[in-house]
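**Q** have a look; sequence and predicted model below, questions after that.
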Amino acid sequence: MDELTLMRSFRAERARPNPTARALARRALEARFEAATTAGFLVQDAPKVRHQTVIQRRRLLSFAAATALAAVLAGVLVFSSGPTAQPAAAAEVLRQTATIAAAESGPGLFPDPHQLIFRKTVRQELEEWVPGKYTASYGGVITTKPVTSYGGYVRSTEEAWMSTKRRGRQRIVLDKLSFLSAAERQRWKAAGAPLPIPFDGEAAPSPEEHVIEIRRGVRDVEVLDGPGYGRFAKLPTAPRALRHTLERKQAGEGKVDDGQVIAELWDILEKANTSPALRAAVFNALAEEPRIGLDRTAEDLVDRPGYALSYASDKASLYQQGGIRTEYIFDPETSAILGKREILVDPSERPWVKGIPAGTVLRDAAYLGSGIVDSIHQRPRR
Amino acid sequence: MSASQSDSSAIAASLLDPGAFGAIFERHYDAVHGYLRRRLDDARADEIASQTFLVAFDGRSRFDRSRGDARPWLFGIATNLAHNHRRHELVELRAMAAMRPEAEAAVDGVEARVDAERLRGPLARALADLPTEEADVLCLLVWAELSQGEVADALAIPLGTVKSRLSRARGRLRDALGLQPDADSVGDNATSAGGRRWTS
């Protein structure tokens, strides 16, 4: 017998499983699981250093500056002058992307009647919330009586099961709260860390919803009426005809706004069941849009690199708010859309948003993937 | 959660779905708990075993996913947490050393049981006298049944350091127990009674 054999037998009887200790440990761990998905979401101040860098870069890339700078420094040719003028590089990239989109195999995601389209999205929005009352875009809480509200970035993950034939499901989980200042975070914590609706765990579901799970940080409901997905079978796949169709749709709303057309074109790309031919038409139509910018060094909300189309409207419209630039981020190598971002470029257009500098990202979304599933409890295999 | 899913995959999945970490608990709790029970009293072992999985869960994003097996990582956490209770571990061992000899468990046969009974007290004393870093290596190798390479991972030390600490620890135990070097074939690269090979 040697020393290791002796050690192996030493107190060996103590190594037997202990069901009680195990059950208690498991319970403690499960409490931590729940905390991780609910109250344990990350709370921090908004990152300032990186934010400043982004602001500086995006200021440089704001539409007018980007166009002029690119033309002067890089000698980029402009195809033509007048209202349809666009930097050649952006149009060229969009047409190449259209070619890639058209070459995709398959008709797109068209589920059978019993199936659903699943889509996962990460969102981050600058919001202001009055606990137990409502949540609004930052600066959107305007009341006649003083109310206690909190402001910060709300980051969440949404999983949506969509069908036009049957019940769908929407599960949203709060991932992170980031405050604009340490003082704001402290004020919020001192008040008991109240969460914004719909993450407060107390929001009553509407009659059209069937609750799967509602608790602090999580809202998971079976949706009886939508969300659905796009019905695009009748949309033309020729770029000009596509634009005209969208313009005719807006005719009752006065003069057609370019920003609104771009937003509607992007909406088509956002739908999971858009055919390759229609996606190609959208990219070709975007290539014809005037006043559109292109940033080749963009990153989406989850840090995936891509190109960002940008459009800054100098006036408000149905889709495009004044003083805000919208960036549409896509992967030019696959034609996949990655995300959409709204950035404040002119605070004077939104005077009620106090203390928020130009360059601040107001809304950000990253599309993480989609697929066809057979039930609202199934997710696509990766 | 698939039963065949690797620890690494389960930990990766738990970054999005925290509940996926439950698979790690189910696979390894008993081993970690048993290891700690051999080092500490019941209450402390129960507490630290629970803490081990909480600490692991909180730090799961830092787990090196190139390593499929989470055991070295978990035993490393458990060992570090147990250090805070080393004083109690020593008290327990010294109390055992002072107790009347009594066989604790059967080993190879009657003669071995007699040896185990006779040497139980001196072994407890010898373990109590080991430097902590040498005791860690020895306990992880024998009680956690990690290989020498896994012990190196668990303690974040080079393999050579594991070998040298193990060699010193075994020498101290042999001296304390009055055993001859290599009295049996159990050693660095030999097969244990349970069939696990102690190789790096």
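**A** Sure thing, it's come through.

**Q** contacts, neighbours, all on C-alpha from now
**A** Fine.

**Q** where along chain A do the helices fall?
**A** A:3-9, A:19-37, A:48-60, A:63-73, A:88-102, A:182-190, A:239-250, A:258-270, A:276-287 (DSSP state H).

**Q** do you know which of those helices lies nearest residue B:12?
**A** Closest approach to residue B:12 among the helices of chain A (Cα to Cα): helix A:19-37, 14.4 Å.

**Q** tabulate the CA atom coordinates of the closest one in PDB.
**A** Below are the C-alpha coordinates for helix A:19-37, written out as PDB (Å, rounded to 0.1, in the frame of the first residue of the first chain):
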ATOM      1  CA  PRO A  19     -29.600  14.900  -1.700                       C
ATOM      2  CA  THR A  20     -30.500  17.600   0.700                       C
ATOM      3  CA  ALA A  21     -27.400  19.700   0.100                       C
ATOM      4  CA  ARG A  22     -27.800  19.100  -3.600                       C
ATOM      5  CA  ALA A  23     -31.400  20.300  -3.600                       C
ATOM      6  CA  LEU A  24     -30.500  23.400  -1.600                       C
ATOM      7  CA  ALA A  25     -27.600  24.200  -4.000                       C
ATOM      8  CA  ARG A  26     -29.800  23.700  -7.000                       C
ATOM      9  CA  ARG A  27     -32.400  26.000  -5.600                       C
ATOM     10  CA  ALA A  28     -29.800  28.700  -5.000                       C
ATOM     11  CA  LEU A  29     -28.500  28.300  -8.500                       C
ATOM     12  CA  GLU A  30     -32.000  28.500 -10.000                       C
ATOM     13  CA  ALA A  31     -32.600  31.700  -8.100                       C
ATOM     14  CA  ARG A  32     -29.400  33.000  -9.800                       C
ATOM     15  CA  PHE A  33     -30.700  31.900 -13.200                       C
ATOM     16  CA  GLU A  34     -33.800  33.900 -12.600                       C
ATOM     17  CA  ALA A  35     -31.900  36.900 -11.500                       C
ATOM     18  CA  ALA A  36     -29.800  36.700 -14.600                       C
ATOM     19  CA  THR A  37     -32.800  36.900 -16.800                       C
END
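
**Q** so residue A:372 sits against residue A:273, correct?
**A** No. With contact defined as Cα atoms under 8 Å, residue A:372 does not reach residue A:273; the gap is 9.8 Å.

**Q** and for residue B:69, the neighbour number?
**A** A count of neighbours around residue B:69, defined by other Cα atoms under 10 Å in any protein chain shown, yields 16.

**Q** no, scratch that, I was asking about residue A:303
**A** By the criterion of other Cα under 10 Å, residue A:303 has 9 neighbours.

**Q** and it, backbone torsions?
**A** As for residue A:303, its main-chain torsions (degrees, to the nearest 10) stand at phi 70, psi 20.

**Q** and the residue of chain B nearest chain A?
**A** residue B:34 (3.8 Å; Cα to the nearest Cα).

**Q** that residue reaches residue A:15, doesn't it?
**A** Yes. Residue B:34 is in contact with residue A:15 according to Cα under 8 Å; the separation is 3.8 Å.

**Q** lowest average confidence, helix or strand, in the chain?
**A** By default, I'm working from chain A. helix A:63-73 (a mean of 33; mean pLDDT, DSSP states H and E).

**Q** nope, chain B
**A** Every helix and strand in chain B was compared by mean pLDDT, DSSP H and E; the lowest is helix B:110-129, with a mean of 71.

**Q** now the element after it, going C-ward?
**A** Counting by DSSP states H and E, the next helix or strand C-terminal to helix B:110-129 is helix B:132-142.

**Q** what residues sit buried inside that following helix?
**A** Neighbour-count burial for helix B:132-142 flags B:134-142 (criterion: 16 or more other Cα atoms under 10 Å in any protein chain shown).

**Q** now swap in stretch A:192-206 and tell me
**A** So for stretch A:192-206, counting by 16+ other Cα under 10 Å, buried means A:193-201, A:203.

**Q** now those residues in CSV, with pLDDT?
**A** Converted to CSV, the buried residues of stretch A:192-206 look like this (pLDDT from 0 to 100):
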residue, pLDDT
A:193, 89
A:194, 91
A:195, 91
A:196, 90
A:197, 86
A:198, 87
A:199, 90
A:200, 87
A:201, 84
A:203, 62
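
**Q** the buried residues of helix B:132-142 also near chain A: which ones?
**A** Checked against chain A using Cα under 8 Å from any Cα of the partner chain, the buried residues of helix B:132-142 yield the following neighbours: residue B:142.

**Q** save the buried residues of helix B:132-142 as JSON lines, and put in distance to residue B:159 and pLDDT too.
**A** Output for these, formatted as JSON lines (distance: Cα to Cα, whole Å; pLDDT from 0 to 100):
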{"residue": "B:134", "distance to residue B:159": "13", "pLDDT": "92"}
{"residue": "B:135", "distance to residue B:159": "16", "pLDDT": "92"}
{"residue": "B:136", "distance to residue B:159": "14", "pLDDT": "93"}
{"residue": "B:137", "distance to residue B:159": "11", "pLDDT": "94"}
{"residue": "B:138", "distance to residue B:159": "13", "pLDDT": "93"}
{"residue": "B:139", "distance to residue B:159": "16", "pLDDT": "94"}
{"residue": "B:140", "distance to residue B:159": "14", "pLDDT": "95"}
{"residue": "B:141", "distance to residue B:159": "13", "pLDDT": "94"}
{"residue": "B:142", "distance to residue B:159": "16", "pLDDT": "93"}
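
**Q** about what we covered before: closest to chain B out of the helices of chain A?
**A** Nearest to chain B among the helices of chain A is helix A:19-37; the distance by Cα to the nearest Cα comes to 4.7 Å.

**Q** residues in contact with that closest one?
**A** Residues outside helix A:19-37 that contact it (Cα atoms under 8 Å, 6 or more residues apart in numbering or on different chains): A:40-41, A:173-175, A:217-218, B:18-19, B:22, B:25, B:29-30, B:46, B:49-50, B:53-54.
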